[in-house]
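>>> Sharing a model prediction with you, sequence too.
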Amino acid sequence: MPVHDAASTEGTPAISMTIVPGARPLRRFIAREVETRIGRALIAGDVEDGATVRIDVVDGELVVAYETRRTHDLDRTSQVVALPLLNARRDPGPGRGGYGLGVTTTRRLLACGAIGAVLFVAVFLVNDWIKAGYDPVRDFVSEAAIGRGGWVQIANFLATGALMIAFSFGLRRAVSRWTAWLVRLFGIGLVAAGVFVSDPVPSDVWTWHGIVHDVVSLAVFASLSAACFTAARWRPSRRWRWYCVLTGIAVPVLFVATGGFPDTSGVFQRITIGIGWTWLAVLAMRAMRLTHPGVAGTPIRLGDSRSLGDAS
C-alpha cells in the first residue's frame, strides 16, 4: 500500500517539539499513532489493498485519509473520509485494559443515544393522549406508570435506560470518560425509575418505592446536567460549548421550577425533558459524525502532552 505523506510543515515540528522532544519519543509516537492505526485498518479491511493513505494536519489535529482505487481525486476524498487518529490510551485493544471496540460497533453504540432520546419522548407524548384519566399539563411523566396501562411508561423507562447505558460505552470511546460515566449513571437511573414506580402527586401517603423513585429522579437530572458540562470540553467550538453550558444550566433550573408550579408541573417537566433529551440526541449524532470508519478512535490534538503520557 503506497503511503503519501502530505503532513504540513507546521504539523511535524508541533509533534516533536510540543508533545515530546527527542527522536526516540517521536519515533514511538509515529509507530503507535500512525503505523499501528493504519495496520489495524488494513487488518479490519477498512482500507482497500492498493489504497493511498495521506497523513496530514487539519485544524491542529493529526488526521489520516485514504483514496481507494475507484477514486482519484485525493483532495476531495480526504474531505469525505478524513479519519482522526485515535488516542491509543483510549484504544489499547482487546485484552489490554480497554474495550477493544471497532469503529462500526462504536457508531452503533452512539446511535443508541439518539434512538433512546427520540423513543422516550415519542412514547410519553403518545401516552399523554391515550392514557385515561391522565392530565399531561399537571401530571408528571412518571405518573403514567401508575395504574392501568402503566406498563407502557415502565417499558419506556427500561428500554431508554438500556439504550443510554449502551450509548455510554460509545461515549467512552468517542468523547470522554467522565461524560460516559455520567450518561451511564443517567441510564441506570432511568432503569431504576421504571423498576420503582412513582407515587401519585400530590399524595398523603408515601411508599418506599415512591421515595426511591424520587431520589433516582434527582440523580437522573443531576447526571444529565453534569454531562453537559463535561461534554462541552470535547472538540469545543463556540456554538457547541454554549449549547452544552446553556443546556446544563436549563435542566436543573427547570427541574426546580417544576415543583413551584403544581398546576402546570407536567408542562415544565416535559420542557425540561425535551431540552435535555434533545441534547443527548445531538451529542450522539455529533459523535457519530466525528467518528469515521477506517482508523478507530478519538482525535489527538497537537500540543496536548497528556495524549502521549504512556508512550514511553
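It's in. Numbering: from 1, shown residues only.

>>> Could you list the single helix or strand in this structure with the lowest mean pLDDT?
When the helices and strands of the chain are compared on mean pLDDT, DSSP states H and E, helix 74-81 comes out lowest with a mean of 37.

>>> show me where pLDDT drops low in the stretch 201-312 of the chain?
Counting by pLDDT under 70, the stretch 201-312 of the chain contains low-confidence ranges at 292-312.

>>> Swap in 80 and give it another go.
202-204, 235-236, 291-312 (pLDDT under 80).

>>> residue boundaries of the helices in it?
When secondary structure is read from DSSP state H, counting those that start in this stretch, the stretch 201-312 of the chain shows helices at 208-231, 238-260, 265-290.

>>> Mind listing what's buried along the helix or strand encompassing Arg28?
Using DSSP states H and E, Arg28 maps to helix 23-30. If you call a residue buried by 16 or more other CB atoms under 10 Å, then helix 23-30 has these buried ones: 25-26, 29. To be clear about C-beta, it is placed using only N, CA and C from the backbone, and glycine gets the same treatment.

>>> And the strands in this structure, which stretches?
The residue ranges that make up the strands of the chain, judged by DSSP state E, are 3-5, 52-58, 61-67, 83-84.

>>> mean pLDDT for these: which is lowest?
Taking the average pLDDT of each of the strands of the chain, the minimum falls on strand 83-84, with a mean of 40.

>>> What is the burial count for Arg138?
Neighbour count of Arg138, defined by other CB atoms under 10 Å: 15.

>>> contacting residues around it?
By CB atoms under 8 Å, 6 or more residues apart in numbering, the contact list for Arg138 reads 262-266.

>>> how about those residues in a markdown table, adding neighbour count?
As requested, the contacts of Arg138 are exported to a markdown table (neighbours: other CB atoms under 10 Å):
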| residue | neighbour count |
| --- | --- |
| Pro262 | 11 |
| Asp263 | 8 |
| Thr264 | 13 |
| Ser265 | 18 |
| Gly266 | 22 |
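
>>> Just the mean pLDDT for stretch 171-179, thanks.
In this model, stretch 171-179 carries a mean pLDDT of 92.

>>> how long is it from one end to the other?
Stretch 171-179 stretches 7 Å from its first residue to its last (CA to CA, to the nearest Å).

>>> Tell me the buried residues in it?
Under the neighbour-count criterion of 16+ other CB under 10 Å, stretch 171-179 has 171-176, 178-179 buried.

>>> With stretch 107-116 instead?
107, 109-116.

>>> Look up how far Pro262 lies from Val137.
Using CB to CB, to the nearest Å, one gets 11 Å for the distance from Val137 to Pro262.

>>> Which of the helices of the stretch 201-312 of the chain sits closest to Phe120?
With CB to CB as the measure, helix 265-290 is the member of these nearest Phe120 (6.1 Å).

>>> what's the spacing between Arg241 and Thr247?
Counting by CB to CB, the separation of Arg241 from Thr247 is 11 Å.

>>> Looking at these two, which one has more neighbours?
The residue with more neighbours, out of Arg241 and Thr247 and counting by other CB under 10 Å, is Thr247; that gives 23 against 16.

>>> Phi and psi next, for Trp234.
Backbone torsions of Trp234, given as degrees, to the nearest 10, read phi -90, psi 120.
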